[in-house]
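Q: Build me a model:
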Amino acid sequence: MTLERFDAAKPVIGMVHLPPLPGAPNFDGDREAILADARRDARRLDAGGVDGVMVENFGDAPFYPDDVPKHVVASMTRAANAVNEEISVPLGINVLRNDSLADLAVAQAVDADFVRANVHTGARVTDQGIVEGRAHEVMRERERLDADVALFADHDVKHSAPLGTREYNAESMADGVERGLADATVVTGIGTGHGVDLDDLEAAVERRDAYDLDVPIFVGSGVRADTVGEILSLADGVIVGTSLKEDGDVGRPVSEERVSELVAAARDAE
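A: The predicted structure follows:
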């Protein structure tokens, strides 16, 4: 059912990376500029042909591990609503670092279609310390809110390492889907903008198939126009941020030309 939300066999989801929000150390004091930049990037993503857009508080470093203040939820809601007014495709929410309850709160308020949980089950060592999955709370909250929102759960998420010696394998992927009830799995490289190892991606697909899991696999970092075809020969969709920006610089605005180029390459791979 997750892929049916998108009007493409292998969806391309583009990122709106918000600058620092009010309360973040690098916030520059201009609240209206945050909304204007978000609207601009959303329009360019939509015009370039993406199949979905995800809003993320990318500029809020250092991130709260798993419980952001109420003012962050409010700012995210305002920005996500602004983005939703500019696009004709499904909207996603990701409140960094790992506040999936905030994801759901924002999503149900703005009628978003999906959210992303960086750590949904298990526990990871991150620059925010130990981040633990909260699937037991998140999925009950989704039910309580009666929110028609798909949950994308990262597997072996970037900028982190597993807590303990247990290998992230077919069984741990199955935990996220069968026990965590995730609707999609996201596979990444080691960090923002870093490409996924194709051997790791192929192994993830094999793990999914070995456990007969009915769940799509998205690649969530380092996707470029020259690599998206090969990636989509294995994956079911991609989430793209850095390479869609002007000059491929994550800190710059979205380039409609680069979006169109990547989407065209993805369509050729379908």
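Q: So what does Asn94 look like in phi/psi?
A: Torsion angles at Asn94 (phi, psi; degrees, to the nearest 10) stand at phi -140, psi 110.
Q: and it, what does it touch?
A: Each residue near Asn94 by CB atoms under 8 Å, 6 or more residues apart in numbering is listed here: Met54, Val55, Glu56, Asn57, Asp103, Val115, Arg116, Asn118. Just so you know, the C-beta spots here come from the backbone N, C-alpha and C atoms, and that holds for glycine as well.
Q: just those now: which is nearest Val250?
A: Closest approach to Val250 among these (CB to CB): Glu56, at 11.3 Å.
Q: residues contacting the closest one?
A: Counting by CB under 8 Å, 6+ apart, Glu56 touches Met15, Val16, His17, Leu18, Asn94, Val95, Leu96.
Q: same thing with Val254?
A: Each residue near Val254 by CB under 8 Å, 6+ apart is listed here: Gly14, Val16, Arg40, Asp41, Arg44, Leu45, Gly48, Leu244, Lys245, Glu246.
Q: How about Arg267?
A: Ala8.
Q: what do you get for Ala8?
A: Under the criterion of CB under 8 Å, 6+ apart, the neighbours of Ala8 are Asp51, Gly237, Arg267, Glu270.
Q: rerun that using 10 Å as the cut-off
A: If you count contacts by CB atoms under 10 Å, 6 or more residues apart in numbering, Ala8 has them with Gly49, Val50, Asp51, Gly52, Val89, Gly237, Val263, Ala266, Arg267, Glu270.
Q: roughly how far apart are it and Leu232?
A: Ala8 sits at a distance of 11 Å from Leu232 (criterion: CB to CB, to the nearest Å).
Q: Touching both of these two, which residues are there?
A: Residues touching both Ala8 and Leu232 (CB under 10 Å, 6+ apart): Ala266, Arg267, Glu270.
Q: what about the second one, which helix or strand?
A: So that's Arg267. When elements are assigned from DSSP states H and E, Arg267 belongs to helix 256-269.
Q: And that helix, what's buried?
A: Under the neighbour-count criterion of 16 or more other CB atoms under 10 Å, helix 256-269 has Glu256, Arg258, Val259, Ser260, Glu261, Leu262, Val263, Ala265, Ala266, Arg267 buried.
Q: tell me the average confidence for it?
A: The average pLDDT for helix 256-269 rounds to 96.
Q: And stretch 217-237, by the same measure?
A: 95.
Q: And the next helix or strand past the helix or strand of the chain with the lowest mean pLDDT?
A: Within the chain, no helix or strand scores below helix 170-174, which has a mean of 58 by mean pLDDT, DSSP states H and E. Moving toward the C-terminus from helix 170-174, the next helix or strand (DSSP H and E) is strand 184-187.
Q: and that next one, how far from the chain's centre?
A: Put simply, strand 184-187 sits 9 Å off its chain's centre (CA atoms, centre = their mean, to the nearest Å).
Q: next helix or strand past that strand?
A: Downstream of strand 184-187, the next assigned helix or strand under DSSP H and E is helix 198-210.
Q: could you point out which element follows that next one?
A: strand 217-219.
Q: Could you list the paired strands of that following strand along with their orientation?
A: Neighbouring strands of strand 217-219 in its sheet, by DSSP bridges, are strand 184-187 (parallel), strand 237-240 (parallel).
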